[in-house]
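> Just a sequence and a predicted model for now, questions to come.
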Amino acid sequence: MVTAAVSSGSSPSGYLAKPSQCADYSPNIGSFLVDPTQQHIGQLVQPWNLLSSLQVMLKSFNQNTLTHVVVAPPFVYVDLVKNSLTDRIEISAQNSWIGKGGAFTGEISVEQLTDIGCKWVILGHSERRHVIGEDDQFIGKKAAYALSQGLGVIACIGELLNEREEGKTFDVYAVPSWDNVVIAYEPVWAIGTGKVATPQQAQEVHVAVRDWLKKNVSAEVASKTRIIYGGSVNGGNCAELAKQEDIDGFLVGGASLKGPEFATIVNSVTSKKVAA
Ligand SMILES: O=C(CO)COP(=O)(O)O
């Protein structure tokens with residue numbers, strides 16, 4: 001990407017942002033997010049792989065549907081993916097720097113992301129927490145900064161398998177009171193494992209998150225905030241998950257690389273909204 005000068009770290013570049021390509025959507029429609037991280041099911045995500053899946057998906061879903069589609073490609077492909085897709089799909093980054101851009105070599109700033117037209121950033125993904133070592137406080141600071149600059153935040157929360165087994169699911173997520181936030185519940189044990197949460201397990205946590213928002217923020221925020229589920233979502237399990245009252249959409253990794261399956265997942269969210 002032209003903007004990533006080696007010595008300039010996360011400083012904003014002179015790259016001109018394109019005009020907004022944001023599709024209008026109402027806050028309480030379904031969300032569907034695609035996060036094909038660098039490596040999924042042993043397969044390196046290449047842009048043409050992702051793009052061909054997205055093109056297949058685009059042919060199979062009605063672009064006038066209510067489902068809000070956001071794609072989060074690896075950083076190096078953001079520009080390519082953005083420029084190859086219809087305006088109907090918004091782009092998210094998979095991470096951002098904690099504060100204002102500066103000399104932080106190797107980091108990507110919020111300013112750079114908005115500069116190239118990103119609307120969203122995923123923060124607190126389990127791999128950032130458990131592999132890189134980011135904690136709630138660090139993620140909270142990142143979220144606050146991204147939001148202050150107008151970037152939407154897809155905030156990921158989720159428990160490890162041993163925490164679920166020890167009954168700690170409800171202690172793990174400390175969700176700050178953010179506006180312009182989509183909350184993604186991703187049980188760590190379900191990510192990339194093929195072991196999906198049951199609809200009831202997911203619904204139980206989503207309800208608890210909504211209750212948390214109600215108590216700690218407001219009833220309005222609780223009802224408007226989209227809470228999406230991630231972790232081994234596929235074409236076969238999406239419909240039952242989507243039927244759950246508090247599951248507003250999905251964060252999908254591996255299945256996003258399979259176009260027809262991807263369309264099935266998008267359409268499962270749409271069907272729910274149409275039925276509502
Ligand atoms: O965490 C996820 C995407 O970032 C979920 O991945 P999978 O859908 O492959 O389990």
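Everything's here; your move.

> Near the ligand, which residues of this protein are found?
Neighbours of the ligand within the chain, by Cβ under 6 Å from any ligand atom: 35, 37, 40, 125, 186, 191-192, 230-233, 251-255. All C-beta atoms are positioned from the backbone trio N, CA, C, and that covers glycine.

> can you pull the pLDDT of the residue of the stretch 151-276 of the chain found nearest the ligand?
Residue nearest to the ligand within the stretch 151-276 of the chain: residue 253 (2.4 Å; Cβ to the nearest ligand atom). Per-residue pLDDT puts residue 253 at 86.

> so residue 114 sits in a helix?
Yes - Residue 114: assigned to a helix according to DSSP: H, G, I helix; E, B strand; the rest coil.

> okay, now it: neighbour count?
19 (other Cβ atoms under 10 Å).

> for residue 198, same thing?
12.

> Which secondary structure state does residue 122 sit in?
Strictly by three-state DSSP, residue 122 counts as strand.

> before we move on, what about residue 95?
Going by three-state DSSP: residue 95 is coil.

> which residues in the stretch 51-200 of the chain form strands?
68-71, 89-93, 120-123, 152-157, 181-185 (DSSP state E, counting those that start in this stretch).

> how about JSON lines for these, with mean neighbour count and mean pLDDT added?
Compiled in JSON lines, the strands of the stretch 51-200 of the chain are given as follows (neighbours: other Cβ atoms under 10 Å; pLDDT from 0 to 100):
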{"stretch": "strand 68-71", "mean neighbour count": "24", "mean pLDDT": "84"}
{"stretch": "strand 89-93", "mean neighbour count": "23", "mean pLDDT": "87"}
{"stretch": "strand 120-123", "mean neighbour count": "25", "mean pLDDT": "92"}
{"stretch": "strand 152-157", "mean neighbour count": "24", "mean pLDDT": "90"}
{"stretch": "strand 181-185", "mean neighbour count": "25", "mean pLDDT": "89"}
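
> Out of the residues of the chain next to the ligand, which two sit at the greatest distance?
125 and 255 (16.6 Å; Cβ to Cβ).

> before we move on, the earlier item: in JSON lines: the strands of the stretch 51-200 of the chain, plus distance to residue 113.
Formatted as JSON lines, these follow (distance: least, Cβ to Cβ, whole Å):
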{"stretch": "strand 68-71", "distance to residue 113": "13"}
{"stretch": "strand 89-93", "distance to residue 113": "5"}
{"stretch": "strand 120-123", "distance to residue 113": "6"}
{"stretch": "strand 152-157", "distance to residue 113": "11"}
{"stretch": "strand 181-185", "distance to residue 113": "16"}
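
> looking at the ones you listed, which is closest to residue 130?
Of the strands of the stretch 51-200 of the chain, nearest to residue 130 by Cβ to Cβ is strand 152-157, at 11.1 Å.

> distance between the closest one and the chain's centre?
Distance of strand 152-157 from the chain centroid (Cα atoms, centre = their mean, to the nearest Å) equals 6 Å.
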